[in-house]
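Engineer: please work out how this folds:
(2 chains, ligands or ions: 2)
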Amino acid sequence: MRNDAAYALAEPPVQNANDNAAVEIDAATPFADAERLAAGADEIAIRFEKFTDGRGFSLASMLRDRGFTGKLTARGDVLPDQAGLLRRAGFDKIASDIKPQSPRWRRRHFSHAYQPAAAGDEPAYLARARAARAALVEKLNHEYADASPEAIITAATRAFGGRIAMLSSFGTEAAAGLAVLARIAPEMPVLFLDTGMHFAQTLTYRDELVARLGLTNVIPLAPDKDELAAEDPEARLFEADTAACCDVRKVRPLARAMASFDALITGRKRYHGGEREDLPPFEFDGDVVKVNPFAALSAKEVAAIYRTLKLPAHPMAAMGYPSIGCWPCTAPAEGDGTREGRWAGQDRTECGIFDPRLKERAARTRSYRLI
Amino acid sequence: MYRYDDIDATLVRERTAQFREQVGARLSGELTEDQFKPLRLQNGVYLQLHAYMLRVAIPYGVLSAAQLRKLAHVARTYDKGYGHFTTRQNIQYNWPSLVDVPDILDELAEVDMHAIQTSGNCIRNTTTDPFAGAAADEVVDPRPWCELIRQWSTFHPEFSFLPRKFKIAVTGSPADRAAIGVHDIGLQLVRNGEGEVGFAVFAGGGQGRTPMVAPEISSFVAQRDLLAYLTAILRVYNLAGRRDNLYKARIKILVNDLGADEFTGQVEGEFARLKGGALTLPQEEIDRVKAFFTDPPADDRPAVLHPSAAFSRWRLWNVKPHKVPGRAIVVISLKPYGGTAGDASAEQMDVVADLAEQFSLGEVRVTKEQNLVLPHVAEADLAELYAALEAAGLATANAGLASDIVCCPGLDYCNLANARSIPISQAISRAIEESGLEEAAGELTIKISGCINACGHHHVANIGLLGVDKKGEEFYQLTLGGIADGEAAIGKIVGKGLDPDHAVRAVITVIRAYLDARTEDESFVQTLSRIGFEPFKEAIYA
Ligand code: SF4
Ligand code: SF4
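Structural biologist: Ligands and ions are numbered 1, 2, ... in the order given. Prediction:
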């Protein structure tokens, strides 16, 4: 039962030059139509016939949710008392028929908000949770500054039980961390970015390690098929833009998977150099917590773990690859543990998952969950 | 109990300041009454027959002793010395003046209380089991979830101008003392196959002129996804709910028109987009709110016996099993024989506040049956508490019995009423007392509404009475077989309307007929479904 009789795509009334550009819809416009019209528009104006008709608030919020970045105008019968709600619902312009000159239009009544919305304050629960999480990370860093990988993983599992996963590349150093994990928590999810561009050796090695260590929950994260078809149909995007390639093949698949996790164990170590030289055991950037149980290990200590546990080496380690990722972006390099052979010749040694500069790109992909 | 942090306290203060400004704009004429009306309603200010009414929120029916004392103070200072507890676990003041309301709200804010969204076409106070956190049969404590929903729904930028009012109820116990089946959204805390706690979601139930029991639209929504799921439901309703007809604007009509499957499909479609996004509740926030609601300590003092028969009777009906050893739940009936359901004087509120501090860890609850509850009383203190209640005239031993009547304000206050529900409830209460039948009858619900809006919940009463107007005269339509809690059911009309005297007699006749026909242990509804309506009808219209 939909009363869509009132729906019509009205010609925008001539109010001023700006308004001419707007596509006007009214509250009764079915959302699917609003979405279709918004696709090509710079400005959408939503007309309120009655200020008590709240459909316009949902239309605006849902358009913003689905990525409409143009201008949104509320027209018609809207009260100054609704200004705050209108702004939070995503309107950035108000053309009210009611007392447009009232000073009450400019009053901002609330300094916090309880829900996420298209604009304005973040919800109280995120602000509180972020503060709690930051405090927890500080405490853990204090307590576990010089702790062993085992102690750090145990503490992380206690703090984030059920919401934590390990990220593994199944590269040259991965077996040491996975072996430690397998002894403490073999059932913990291990995320593997299945970019479609791995060396065949890496995949074989992965299967061998998983079986040998008894890991029970390895989750391969593949790129989204539709996104790949649109953005990298010939699997050659890396030639033009490695950042874009990493974005579709790594950053977004991981962001989607992280909707279920609040903490991620990484294999990063300080001796990898670059941005990793100051790595603490726990990191919080306002998003997920990254746990780096192996940060303080030296290359020698890693090698020692391989020896004592008789772990197999990645088949390509002996071929001069100290760090291994996707085949197009990995080259042999000098020195254990160095990442110089990754994206060789480019101004980057991080793949976007750990690079704050590429975070912003991920934010535009609707994986905007903050925590 | 939940305690406000800076964010909560600031928001309530800011809201009061905003409303003070709106009252000013109304008095200066900048706002017309038409424009002011939805704004004042969302701040609990209702225009009744004789005066403004202020409805103060008691979030999910939970009060501290300090809050109850503040409610007593408001009753004494700004009203005629009493307040009226409602069927939605709130309190109403029937005689405040509009200019005082911002001051009252300031006073309430001092004890973390407000009147936000207690009226109007928005998401109202979330209701729950009055025995939450105490009931022996509880699976999961629903109160943290009520608080999380309270916050999410407060000043919602999308859902402040819905087609109609919107009520959510949560239960954490299979006995469902929250009547989730007749709410816009009913949430039942459940465990799935893996032992994970989540929600079974029901939508589209309601009372009023088209009573409906809500269908289940999801058998399991994970805790962290609750707000995303609720948002999806509200979006579908806000956009598609009818706005052309006041009487068809509730979500139950939408769910019924679309069919539960289509409605569910639309909700699931929106939920799939929202899931995992910014509406995901962080575990830290769930843990933070849960930490406010802990079990009381066990009490190992031996229970003190009291020799009087009156105490035994009160113990039998008004004391309920607690989940913690050595404690009990005590229902304080606000239904003295011949009294007004739900009314409490300022003095009585003060007494209950004192008793709560002395015997119940400072906590009080309000029930949808319009009674008060002391949720955490030590068994060892029951006799002493009983004596104190008796001295204050608050020891009526009829919780859950026939004279524990639920009744709306009716024609004495309400401008929509057809009938004076309060006097008839008083007459029925007295007749029940005189009949001496109620203990034999045991648990039996009687509910009375003064018009089809059903604020008195008559549809879900074992015996319901609905006031109707026939050419300027008051009549009552009797319904039988409704159930509010557990497997909700809507009562059926017995026959033609009865004049007030006949209606009172008919209630007694029905109780007698039930007692004559029932076999051992049979509830009223069980007897009714076994023998059918006819025997009752014959007795009433004989
Ligand atoms: S590492 Fe190279 S191939 Fe792999 S996703 Fe990034 S850019 Fe693409
Ligand atoms: S049921 Fe009718 S008479 Fe009673 S309070 Fe509600 S609207 Fe008023």
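
Engineer: OK, contacts around the residue nearest to residue A:86 when sequence neighbours are not counted?
Structural biologist: Leaving aside its chain neighbours, residue A:86 sits nearest to residue A:74 (5.1 Å; criterion: Cβ to Cβ, 6 or more residues apart in numbering or on different chains). (C-beta placed from N, C-alpha, C; glycine too.) Residue A:74 is in contact with A:45, A:46, A:48, A:56, A:60, A:86, A:91, A:93, A:94, A:95, A:96, counting by Cβ atoms under 8 Å, 6 or more residues apart in numbering or on different chains.

Engineer: filter those residues down to the ones in helices?
Structural biologist: Among those, DSSP state H puts A:56, A:60, A:86 in helices.

Engineer: got JSON lines for the residues you listed, with neighbour count and pLDDT too?
Structural biologist: Below are the ones in helices among the contacts of residue A:74 laid out as JSON lines (neighbours: other Cβ atoms under 10 Å in any protein chain shown; pLDDT from 0 to 100):
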{"residue": "A:56", "neighbour count": "30", "pLDDT": "97"}
{"residue": "A:60", "neighbour count": "29", "pLDDT": "97"}
{"residue": "A:86", "neighbour count": "25", "pLDDT": "95"}
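
Engineer: now the phi/psi pair for the residue in the stretch 351-500 of chain B that ligand 1 sits nearest to, please.
Structural biologist: Of all residues in the stretch 351-500 of chain B, the one sitting closest to ligand 1 is residue B:488 (54.8 Å; Cβ to the nearest ligand atom). Backbone torsions of residue B:488, given as degrees, to the nearest 10, read phi -60, psi 140.

Engineer: now do the contacts for it.
Structural biologist: B:179, B:180, B:181, B:182, B:205, B:213, B:214, B:460.

Engineer: how about 7 Å then?
Structural biologist: B:179, B:181, B:182, B:213, B:460 (Cβ atoms under 7 Å, 6 or more residues apart in numbering or on different chains).

Engineer: look up how far residue B:146 lies from the second one.
Structural biologist: Looking back up the chat, that one is residue B:181. 18 Å (Cβ to Cβ, to the nearest Å).

Engineer: also the third one?
Structural biologist: According to Cβ to Cβ, residue B:182 and residue B:146 sit 17 Å apart.

Engineer: one more: the first one?
Structural biologist: Distance, residue B:179 to residue B:146, using Cβ to Cβ: 14 Å.

Engineer: repeat that for the last one.
Structural biologist: In this structure, residue B:460 and residue B:146 are 21 Å apart, going by Cβ to Cβ.

Engineer: then residue B:289?
Structural biologist: 10 Å.

Engineer: more neighbours, the two?
Structural biologist: Neighbours per residue (other Cβ atoms under 10 Å in any protein chain shown) separate residue B:289 from residue B:146, with residue B:146 holding more: 29 against 20.

Engineer: give me the nearest residue to that one, chain neighbours excluded.
Structural biologist: residue B:60 (3.8 Å).

Engineer: I'd assumed residue B:126 was in contact with that neighbour.
Structural biologist: Yes - between residue B:60 and residue B:126 there is a contact under Cβ atoms under 7 Å: 5.7 Å.

Engineer: need the residues touching each of those two.
Structural biologist: Joint contacts of residue B:60 and residue B:126 (Cβ under 7 Å, 6+ apart) are residue B:146.

Engineer: compare the two and say which is more crowded by neighbours.
Structural biologist: Neighbours were tallied for residue B:60 and for residue B:126 using other Cβ under 10 Å; the higher tally belongs to residue B:126 (29 against 26).

Engineer: can I assume that one is in contact with residue B:151?
Structural biologist: No - if you go by Cβ under 7 Å, residue B:126 and residue B:151 don't touch, sitting 10.3 Å apart.

Engineer: in a helix, residue B:511, correct?
Structural biologist: Yes - assigned with DSSP: H, G, I helix; E, B strand; the rest coil, residue B:511 falls within a helix.

Engineer: state the distance from it to ligand 2.
Structural biologist: 23 Å (Cβ to the nearest ligand atom, to the nearest Å).

Engineer: what of residue A:145?
Structural biologist: From residue A:145 to ligand 2 the distance is 64 Å (Cβ to the nearest ligand atom).

Engineer: now do the closest residue to that residue other than its chain neighbours, the pLDDT please.
Structural biologist: Distances taken as Cβ to Cβ, 6+ apart place residue A:281 nearest to residue A:145, at 7.0 Å, with adjacent residues excluded. For residue A:281, the pLDDT comes out at 96.

Engineer: let me see the contact set for residue A:281.
Structural biologist: Residues in contact with residue A:281 (Cβ under 7 Å, 6+ apart) are A:141, A:144, A:145, A:147, A:152, A:291, A:292, A:293, A:295.

Engineer: outline the domain layout of the chain.
Structural biologist: You didn't pick a chain, so chain A it is. Domain segmentation of chain A under automatic domain parsing yields A:4-121, A:132-361.

Engineer: ah, I was thinking of chain B
Structural biologist: Taken from automatic domain parsing, chain B resolves into B:6-109, B:135-290, B:309-391, B:406-541.

Engineer: and those domains as TSV, adding mean pLDDT and distance to residue A:226?
Structural biologist: Formatted as TSV, the domains of chain B follow (pLDDT from 0 to 100; distance: least, Cβ to Cβ, whole Å):
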stretch	mean pLDDT	distance to residue A:226
domain B:6-109	92	40
domain B:135-290	95	15
domain B:309-391	96	49
domain B:406-541	93	44
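
Engineer: and the ones you listed: which comes nearest residue A:69?
Structural biologist: Set against residue A:69 and scored by Cβ to Cβ, the domains of chain B come closest in domain B:135-290, at 16.9 Å.

Engineer: is that closest one positioned near ligand 2?
Structural biologist: No - against ligand 2, domain B:135-290 shows no contacts by Cβ under 6 Å from any ligand atom, the least distance being 8.8 Å.

Engineer: pull up the distance across that domain, start to finish.
Structural biologist: Terminal residues of domain B:135-290 are spaced 17 Å apart (Cα to Cα, to the nearest Å).

Engineer: parallel or antiparallel, which strands does the helix or strand hosting residue A:290 pair with?
Structural biologist: With secondary structure defined by DSSP states H and E, residue A:290 is part of strand A:289-291. Sheet partners assigned to strand A:289-291 using DSSP bridges are listed as strand A:263-265 (parallel), strand A:282-284 (antiparallel).

Engineer: ok, and which of these has the densest surroundings?
Structural biologist: strand A:263-265 (a mean of 26; mean count of other Cβ atoms under 10 Å in any protein chain shown).
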